[in-house]
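Peer 1: quick one, what's the 3D model for this:
(chains A and B)
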Amino acid sequence: MRHLALTLGLVALAGPARAHGPAPVALEVLAHDGRAPLALRTSVGLAVARGDGTYAYVCPARWDGNELALAAGARDGRDLLVHSAGAAYLSRDGGCTFAPLTDGSLYVMAAASTGQGFLLVAEDASASGPRRSRLFEVSDGVLEELPLALPGAVDGALGIPGGWLVAGHAPVGFVAGPDGVLATFETSASWITPRALDAGDLWLRVAGADGVILARVGAGEVELTAPSARLVGGPIRLDGRWLALLDGALHAFEDGAWHLEGELPWTCLQSYEGRHFACGLEALWELAPGAPVPAAVAAFSFSQLAPPDACGEPATRAACGREWAHFGGEAGWLDAPPATRPGEPRGATPGSGDGCAASSTPPRGSLALVVALAAFASARSRRAMQRASRVATRGPARRCSS
Amino acid sequence: MKQYHLVLLAFPSIALSACDGGGGGDPLRPDGGSTPEPTVTYHRDVAPLVARECLSCHVEGGIGPFALDTYARLVEQSEFVLPAVMAGYMPPWMPDPDCRVFEHQRQLSAAERQVFEQWVAEDMPEGDPATAPPPPPAPPAFTATHVARMTQEYLPDARVPDDYRCFLLDHTFERDSFLVGRNVVPGAGALVHHVLVYGVPPEMVATIEGADAAEDGPGYTCFGGPVPTAMETRGGALGLVGMGGWVPGALPVVEREGRGVYIPAGSRIVMQVHYNLLGNEPAADRTEYHMRITEDAPAQLATTFPTVILDLNIAAGRAENPHRAVFRNYRSDALNLTGLMPHMHLLGRQISLHRVPAAGAAEDHECLIDVPRWSFGWQESYAVRRDDAMTIAPGEGLELFCNYDNSPTNQPVINGTRVEPRDVTWGEGTLDEMCLLYVQHETPWTGTPPARGCDAAADCLAGCTSGDAECLLSCEGLAGGCRICVMESTLGCARDTCLAAYAPAAACFQTCLLSFAVVGGSFDRCMAAECPEGTWPRARDCVERVVEAGTCDARLTACGISR
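Peer 2: Okay, the predicted model is just below:
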């Protein structure tokens, strides 16, 4: 009853909030050619490199309209797999068009890139009772089920060099790979996903009633590593150290626990084929090996994002336009052409990169940018860029002849 | 802790790219001379619709991301605006009109959308300004009797995209008053995304002042509401008085003739402001709250209660997490609803409220509000139309329904970090969830101010011939906090002793505890109606014995009730 009293008290105070959406942010590199990201997942859809330093906005309308969909990309960035609300969609043309990969009989829970293809984790959509996962390999657009017995339902998948890992929690915690189950363990967790594998350490993200904790799996043992957090990024292994973001603060793993390194304006940590990336509210940064963290190179910024290409059916193109207006309008992208290098303000290159014609210059110059990041500085620079964009906006909208 | 500082060492040189910035003409500009006489023009047909539905946000300096207040600006943005309008995506309006149409519904009809469609088909002709219809009569100017202000300017926190801040305003109500009109005037119009205003009754003023003093700078941080969790005690926060709010596009609110919100003498005002800093440089804000106040008692009092489901269990990975609860009206009078305000957080998919008939009645459920695609970013309150009657008779109920999608592909991005699934329960944090729908209703003014604290309990005990527990649990007119206190001090106090007697009535206990706490009325009447025959009298007798033995006296005294 006391609980009722206290909570009802809170109810009376629970003031509704109103925001028209969070700030757009890069979430993950899906493909990289060794010089620049080829495809990224962002909080507003995908971004695919156009070869001129700009990125085409791949709008959610091309699958089911869900900008929060998850995605995986093949190494060349042409094959992109998106899954949303239990359905998977495959693009074989760099995100221009997507076709359903599954029918309604499967409910897709997770996917991972295996380099040239994908691993897909699904459950029977009509099944009742305990969850039971099925694994599929997607190669050349063809779905083929893998005959692998798992001790429980899969929560998440991770692509690793030459293969994949899956993990789950029901009815027991487990990790498995193409060769079978690697570890099982008792757990009260509600969601377990594989996060990283390097130097013999396998890391799991374990969500439970008390928050999220990173767990290290080695030699069949599962070690929960303090502290727990609400939001976790990484871990990644950089210069022989494991680093993770715990509630927005950078931590390093030493002596069996995570120790605070400092606060950074980073929102994710990710490794992709030996490269290491950090997301920020304005840009995606590539961490420079051998340099003290947080030395980083700007690898992508939203100022490079161009309107969606004219792909697909007219209705899809119209819906794409709406999504571009919705996300881009609030973020200040509509008024000026995109930049061709990360960190460059939108509209800074007259006549450049609104997606119509491309210079052949790749964004190599940006890789020479080395910045040391500051807490809180990102938001300010973001606004400054948007302000600069808006200054250059007063003319009528331009269109390119093709 | 290390702090890192930004050192931008170099920017790349600007790469050249070839683009035809205007070749082929500007297809967005109509070629008025080569087309037949247009049937739809901007000045005559389109501008009035834009003015009605868009310009409360989409003006220079407004919160909309671009202005649409001239022909040139609308044409400039038409590539984005018109598809959104024609698809019904703009103007934003969440409630399903097939369920209910509310006051000030921001929606274009199909015929009005067709006007836009035709205009585009005819290459967006400007037409003759002289053909513009006369502007609709301006709403009567809002005249305030009092203005409450932040005590000093506040510069929103640039470190986060969303800054939620509460401010104790500079106005104190010297006498019992009735709020009959209100208007929020944002200071930094491009930053302020919402404002919620609460009256702080005298017994809570010290709590809010303490919260204000505990944090440096003007005001204090408050995401969930104005009372910090650590300062919340025994449901007392139910005593806050809702004094309205503001969202972009909101108009001044004048209560219907003869209706007002009661504000007791000694009250102050606390205001929560949500600053959204995306795309805008922080600027000093000093939002004002304009009031029309009278000391003349109205015919009707406007009051608010929250229907709520606290026992949320939103499983990690699961796409469907439906929750449902019924709140019965066991007051002696009908509830005349005048406004509804749904609230969920980021996993919410659908929220609705239905009127359910009294037990045994064969009527269908009646839809009161349905938000089939919940969006945290577009929530607001909805006023019942004057020509609509939303009445919940005694014995009838309100069924609240909330559904959540906690699947991997519906996880929110919070301050830049994508969340992964986890089991989610009730809470006021952004990673928690709520199922909450505020219901505003009106009741006749009886000449006596609404109960505060547990003063009304003493009157009930004095005039009661039954046992004290039965008397208190039948007592109507108790304030919200007191109702919870009464339940704790009787039913809760006797729980260990009476568990066996409670068990057969478990389901109706759940219904009536919530109904009594939220809607008020008589707990005793609810149990008598809802429970299997004979079960409630047995449980009540047990509670009565425990209370009569004095076991619960300390708890009752703590509520301010003397037996």
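
Peer 1: quick one: the helices in chain B?
Peer 2: Using DSSP state H, the helices of chain B run over residues B:47-53, B:71-76, B:78-86, B:110-121, B:202-213, B:455-462, B:468-474, B:480-487, B:495-502, B:506-518, B:523-530, B:535-548, B:553-559.

Peer 1: check whether stretch A:298-318 contacts chain B.
Peer 2: Yes - shown here: stretch A:298-318 in contact with chain B (Cβ under 8 Å from any Cβ of the partner chain) through residue A:318. Placement of C-beta: from N, CA and C, glycine included.

Peer 1: average pLDDT across that stretch?
Peer 2: On average, the pLDDT along stretch A:298-318 is 93.

Peer 1: flag every buried residue along it.
Peer 2: For stretch A:298-318, the neighbour count (16 or more other Cβ atoms under 10 Å in any protein chain shown) marks A:298-309, A:311-312, A:316-318 as buried.

Peer 1: picking up where we left off before, which one of the helices of chain B lies closest to residue A:113?
Peer 2: helix B:78-86 (32.9 Å; Cβ to Cβ).

Peer 1: isn't residue B:472 right up against residue B:491?
Peer 2: No - counting by Cβ atoms under 8 Å, residue B:472 sits too far from residue B:491 to count as a contact (10.0 Å).

Peer 1: which one of the two has more residues nearby?
Peer 2: Comparing residue B:472 with residue B:491 by other Cβ atoms under 10 Å in any protein chain shown, the one with more neighbours is residue B:472, at 30 against 25.

Peer 1: which other residues reach stretch A:87-96?
Peer 2: A:39, A:46, A:48, A:56, A:58, A:62-64, A:77-83, A:97-102, A:104, A:108, A:111, A:120, A:122, A:138, A:141, A:309, A:311-312 (Cβ atoms under 8 Å, 6 or more residues apart in numbering or on different chains).

Peer 1: give me that answer again for 7 Å
Peer 2: Contacts with stretch A:87-96, where a contact means Cβ atoms under 7 Å, 6 or more residues apart in numbering or on different chains, come from A:46, A:48, A:58, A:63-64, A:77-82, A:97-102, A:108, A:111, A:120, A:141, A:309, A:311.

Peer 1: in ChimeraX, how would I select just the buried ones from those residues?
Peer 2: Typed into ChimeraX, the line below selects the buried ones among the contacts of stretch A:87-96, using 16+ other Cβ under 10 Å:
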select /A:46,48,58,63,64,77,78,79,80,81,82,98,101,102,108,111,120,309,311
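
Peer 1: out of the contacts of stretch A:87-96, which are inside strands?
Peer 2: Among the contacts of stretch A:87-96, the members found in strands (DSSP state E) are A:46, A:48, A:58, A:80, A:81, A:82, A:99, A:100, A:108, A:111, A:120.

Peer 1: the second one against residue A:55, yeah?
Peer 2: Yes - taking Cβ atoms under 7 Å as the definition, residue A:48 is a contact partner of residue A:55 at 6.2 Å.

Peer 1: which pLDDT value goes with residue 357?
Peer 2: All of this refers to chain A. You'll see residue A:357 listed with a pLDDT of 32.

Peer 1: try again with chain B
Peer 2: 94.

Peer 1: can you count the residues close to the closest residue to it other than its chain neighbours?
Peer 2: Closest residue in space to residue B:357, ignoring its immediate chain neighbours: residue B:363 at 4.1 Å, by Cβ to Cβ, 6 or more residues apart in numbering or on different chains. Residue B:363 has 10 neighbouring residues, counting by other Cβ under 10 Å.

Peer 1: the one 3 residues further on now?
Peer 2: For residue B:366, the number of neighbouring residues by other Cβ under 10 Å comes to 16.

Peer 1: so what's it bridging to?
Peer 2: When assigned by DSSP bridges, residue B:366 has beta-bridge partners residue B:355.

Peer 1: right, and it touches residue B:354 too?
Peer 2: Yes - using Cβ under 7 Å, residue B:366 makes contact with residue B:354 at a distance of 6.2 Å.

Peer 1: ok, the spatially closest residue to residue A:83 that is not a sequence neighbour - contacts?
Peer 2: Leaving aside its sequence neighbours, residue A:83 sits nearest to residue A:108 (Cβ to Cβ, 6+ apart; 4.4 Å). Shown here is residue A:108, whose contacts under the criterion Cβ under 7 Å, 6+ apart are A:83, A:86, A:87, A:88, A:102, A:120, A:122.

Peer 1: look up how far residue A:71 lies from the first one.
Peer 2: So the one you mean is residue A:83. 8 Å (Cβ to Cβ, to the nearest Å).

Peer 1: and what of residue B:185?
Peer 2: In terms of Cβ to Cβ, residue B:185 sits 44 Å off from residue A:71.

Peer 1: which of those two has more neighbours?
Peer 2: Taking neighbours as other Cβ under 10 Å, residue B:185 and residue A:71 compare with residue A:71 leading, 26 against 18.

Peer 1: so which elements touch the longest helix belonging to chain A?
Peer 2: Ranked by residue count, the top helix of chain A under DSSP H comes out as helix A:314-331. Counting contacts by 3 or more Cβ pairs under 7 Å, 6 or more residues apart in numbering or on different chains; DSSP states H and E, helix A:314-331 is packed against helix B:78-86.

Peer 1: quick one: the helix it packs on near chain A?
Peer 2: Yes - Helix B:78-86 is in contact with chain A by Cβ under 7 Å from any Cβ of the partner chain, via B:79, B:80, B:81, B:83, B:84.

Peer 1: just how off-centre is stretch B:529-539 within its chain?
Peer 2: Offset of stretch B:529-539 from its chain centre (Cα atoms, centre = their mean, to the nearest Å): 36 Å.

Peer 1: first-to-last residue distance for it?
Peer 2: 14 Å (Cα to Cα, to the nearest Å).

Peer 1: buried sites along that stretch?
Peer 2: By neighbour count on 16+ other Cβ under 10 Å, the buried set for stretch B:529-539 is B:529, B:530, B:531, B:535, B:536, B:537, B:539.

Peer 1: where does pLDDT dip in the stretch 251-400 of chain A?
Peer 2: A:349-400 (pLDDT under 70).

Peer 1: any chance you could map the strands in it?
Peer 2: A:257-263, A:266-272, A:275-280, A:283-287, A:295-301, A:305-306, A:371-372 (DSSP state E, counting those that start in this stretch).

Peer 1: that older thread, tell me which of the residues of helix B:78-86 next to chain A is nearest to chain A?
Peer 2: Among these, residue B:80 lies closest to chain A (Cβ to the nearest Cβ), at 2.9 Å.

Peer 1: all strands for the stretch 151-300 of chain B, in order.
Peer 2: Going by DSSP E, counting those that start in this stretch, the stretch 151-300 of chain B shows strands at B:162-172, B:177-185, B:192-200, B:220-221, B:241-246, B:253-254, B:259-263, B:268-276, B:288-294, B:300-308.

Peer 1: note down every partner strand of the last one and its orientation.
Peer 2: Using DSSP bridges, the neighbouring strands of strand B:300-308 in the sheet come out as strand B:259-263 (parallel), strand B:436-444 (antiparallel).

Peer 1: with the first one instead?
Peer 2: Partner strands for strand B:162-172, per DSSP bridges, with pairing direction: strand B:220-221 (antiparallel), strand B:268-276 (antiparallel).

Peer 1: how about it: buried residues?
Peer 2: B:162, B:163, B:164, B:165, B:166, B:167, B:168, B:169, B:171.

Peer 1: with stretch B:334-347 instead?
Peer 2: B:335-347.

Peer 1: what's the answer for stretch B:284-294, then?
Peer 2: Those would be B:285, B:286, B:287, B:288, B:289, B:290, B:291, B:292, B:293, for stretch B:284-294 by 16+ other Cβ under 10 Å.

Peer 1: just put those in JSON lines and tack on distance to residue B:45 and pLDDT.
Peer 2: Converted to JSON lines, the buried residues of stretch B:284-294 look like this (distance: Cβ to Cβ, whole Å; pLDDT from 0 to 100):
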{"residue": "B:285", "distance to residue B:45": "38", "pLDDT": "96"}
{"residue": "B:286", "distance to residue B:45": "40", "pLDDT": "97"}
{"residue": "B:287", "distance to residue B:45": "36", "pLDDT": "96"}
{"residue": "B:288", "distance to residue B:45": "37", "pLDDT": "97"}
{"residue": "B:289", "distance to residue B:45": "38", "pLDDT": "97"}
{"residue": "B:290", "distance to residue B:45": "35", "pLDDT": "97"}
{"residue": "B:291", "distance to residue B:45": "39", "pLDDT": "97"}
{"residue": "B:292", "distance to residue B:45": "37", "pLDDT": "97"}
{"residue": "B:293", "distance to residue B:45": "42", "pLDDT": "97"}
